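A.B. asks: Predicted structure and sequence below. I'll ask about it afterward.
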Amino acid sequence: MGGLRLKKRLRVVVSHLKDLLFDPEKLSIVGYVLLFIELVLNIFIIHRVNYTEIDWRAYMQEVEGVLNGTTDYVQLKGDTGPLVYPAGFVYIFSALYFFTNSGRDVRMAQYVFAIFYLIMLHLVFHLYAKTRKTPPYVLILMSASSYRIHSIFVLRLFNDAVAMLILYVALGLFIKKRWSMGCLMYSFAVSVKMNILLFAPALFFVLLNTGGYLHTFKNLTVCALVQLIPALPFLIGNYESYILRAFDLGRVFEYEWTVNYRCIPEWLFLSKSFHLVLLALHVGVLLAFIPRFMRYCAINRVQTDNGGSIYLLLPDQILFPMFVSNFIGIVFARSLHYQFYVWYYHSIPYILWSLPITTLAKLLLWGLIEMSWNTYPSTVYSSCTLHACHLSILCVLWFCWPQKSRYVIKKKTA
């Protein structure tokens, strides 16, 4: 009798564990458990893993020049070269400059970035829970395999981490239909680092489909003001140097740090013609995907369980096109450095689990991308593998573009 009861309890436990791993309704529960684990893990990393100085000291030197009264971007520089980020970067890292004793208290900076990481992870988990497109074990794998992401945040203190945190704040506002506040935060993220512009093409069509031309113009005006107002001191100081330095589209990257183009010789990597070809491919592929973006983020009729219908824009219709737009930009990027992994790390599983391919294929592609980014220094093999995975995903997106998410609004009962 006792054995039967034990077996019954074991079956119940196994059933609950299975739900926690595979039932999308349990994403929030798993997310909160992972956040606690991440809190402990980040504290452990800060105290047990050596910090590596790369850009933090240069960031502090750059903003110190501003705090000392210099507003001409030509004169703002650090150990790694001139200041090449927009005004939002200056304000955020000036605040960090004061909070960390002129940048000398690196341990304090690490704790601040750990908080940034936990907030961003909470936002990511919230987006996944809202759309329910992936099973919970995906969040577990995402946390377990994020060695490089932890490094970007708490061991390197890169500004890419700050830009992506603000971007996810904007995405959270967008799915709540708070368009003006979302655009404000989105543009603020752009003012920290320009890579956030990769999301812009899909965002434009999301705005257009949700409120028409006037709604879109109003929100694009918000974006423009967020770029203009914080930049006024630098525009007055020397507007040419600010625009050329903060939004330098012709910036040349170092071959030494490339993750994606170790498979070509350095002379070709530095070639202007090669960069122009990549730009043309980027623009061409984006133009080809625009009809798909427009159809996917169009307002649609959603059935209620009592036979009625309402018109909604579901969270997935906002997130998926924006993630794909960013992904296309990464596929054709002139160079990817190790810190750039955070640009799309948390959206890779979202895109993969939106595609009509087997779970094994999804895990294989995700694993190979992770392996490529964790190969240091990059090799011909790791670069080719990364390109093969990117192009495979892009081809599946083109030939098997997913249908819109379907969602049934349940009638509330007393």
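C.D. replies: It's in.

A.B. asks: Low-confidence stretches in the chain?
C.D. replies: Where the chain drops to pLDDT under 70, the residues are 1-4, 301-309, 311, 404-414.

A.B. asks: In it, what residue spans correspond to strands?
C.D. replies: 77-78, 81-82, 300-303, 309-312 (DSSP state E).

A.B. asks: How far off centre is the first one?
C.D. replies: Distance of strand 77-78 from its chain centroid, counting by Cα atoms, centre = their mean, to the nearest Å, is 27 Å.

A.B. asks: and it, what does it pack onto?
C.D. replies: In terms of contact count using 3 or more Cβ pairs under 8 Å, 6 or more residues apart in numbering; DSSP states H and E, strand 77-78 is assigned the packing partners helix 56-67. All C-beta atoms are positioned from the backbone trio N, CA, C, and that covers glycine.

A.B. asks: who are the neighbours of the helix it packs on, in terms of helices and strands?
C.D. replies: Secondary-structure packing of helix 56-67 (3+ Cβ pairs under 8 Å, 6+ apart): strand 77-78, helix 87-99.

A.B. asks: got the buried residues for that helix?
C.D. replies: Counting neighbours by 16 or more other Cβ atoms under 10 Å, one finds that the buried residues in helix 56-67 are 56, 57, 58, 59, 60, 61, 62, 63, 64, 65, 66.

A.B. asks: I'd assumed residue 63 was in contact with the second one.
C.D. replies: Pointing back at residue 57 there. No. Using Cβ atoms under 8 Å, residue 57 makes no contact with residue 63, being 11.3 Å away.

A.B. asks: which one is residue 78 nearest to, not counting chain neighbours?
C.D. replies: Excluding its sequence neighbours, the residue lying closest to residue 78 (Cβ to Cβ, 6 or more residues apart in numbering) is residue 58, at 3.1 Å.

A.B. asks: Now do the same contact list for that neighbour.
C.D. replies: 78, 79, 80, 81 (Cβ atoms under 8 Å, 6 or more residues apart in numbering).

A.B. asks: So which of these is the closest to residue 284?
C.D. replies: Nearest to residue 284 out of the contacts of residue 58 is residue 81 (Cβ to Cβ; 32.0 Å).

A.B. asks: Tell me how far the nearest residue to that closest one once chain neighbours are set aside lies from residue 218.
C.D. replies: Distance criterion Cβ to Cβ, 6+ apart; nearest residue to residue 81, sequence neighbours excluded, is residue 58 at 7.6 Å. To residue 218, residue 58 is 38 Å away according to Cβ to Cβ, to the nearest Å.

A.B. asks: Quick one: residues in contact with stretch 354-363.
C.D. replies: Applying Cβ under 8 Å, 6+ apart, the contact partners of stretch 354-363 are 133, 316, 320, 349, 352, 353, 393, 396, 397, 400, 402.

A.B. asks: Okay, buried residues for it please.
C.D. replies: For stretch 354-363, burial by neighbour count (16+ other Cβ under 10 Å) applies to 354, 355, 357, 362.

A.B. asks: Just put those in JSON lines and tack on distance to residue 85.
C.D. replies: Formatted as JSON lines, the buried residues of stretch 354-363 follow (distance: Cβ to Cβ, whole Å):
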{"residue": "354", "distance to residue 85": "32"}
{"residue": "355", "distance to residue 85": "34"}
{"residue": "357", "distance to residue 85": "38"}
{"residue": "362", "distance to residue 85": "35"}
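
A.B. asks: Tell me how far the residue nearest to residue 211 when sequence neighbours are not counted lies from residue 186.
C.D. replies: The shortest distance from residue 211 to any non-neighbouring residue, by Cβ to Cβ, 6+ apart, is to residue 179 (7.2 Å). In this view, residue 179 and residue 186 are 10 Å apart by Cβ to Cβ.

A.B. asks: those helices in the stretch 151-300 of the chain, which residues are they?
C.D. replies: For the stretch 151-300 of the chain, applying DSSP state H, counting those that start in this stretch gives helices covering 159-175, 179-190, 200-246, 266-269, 272-296.

A.B. asks: out of those, nearest to residue 70?
C.D. replies: Closest to residue 70 of the helices of the stretch 151-300 of the chain is helix 200-246 (Cβ to Cβ; 7.8 Å).

A.B. asks: Give me the angle between the closest one and helix 272-296.
C.D. replies: If you take axes from the mean of the first three to the mean of the last three Cα atoms, to 10 degrees, helix 200-246 sits at 150 degrees to helix 272-296.

A.B. asks: distance between helix 200-246 and the chain's centre?
C.D. replies: Remark: helix 200-246 is offset 19 Å from the chain centroid, using Cα atoms, centre = their mean.

A.B. asks: Next: stretch 280-295.
C.D. replies: Its chain's C-alpha centre and that of stretch 280-295 lie 20 Å apart, by Cα atoms, centre = their mean.

A.B. asks: buried ones in that stretch?
C.D. replies: For stretch 280-295, a neighbour-count test (16+ other Cβ under 10 Å) marks 282, 285, 286, 289, 292, 293, 295 as buried.
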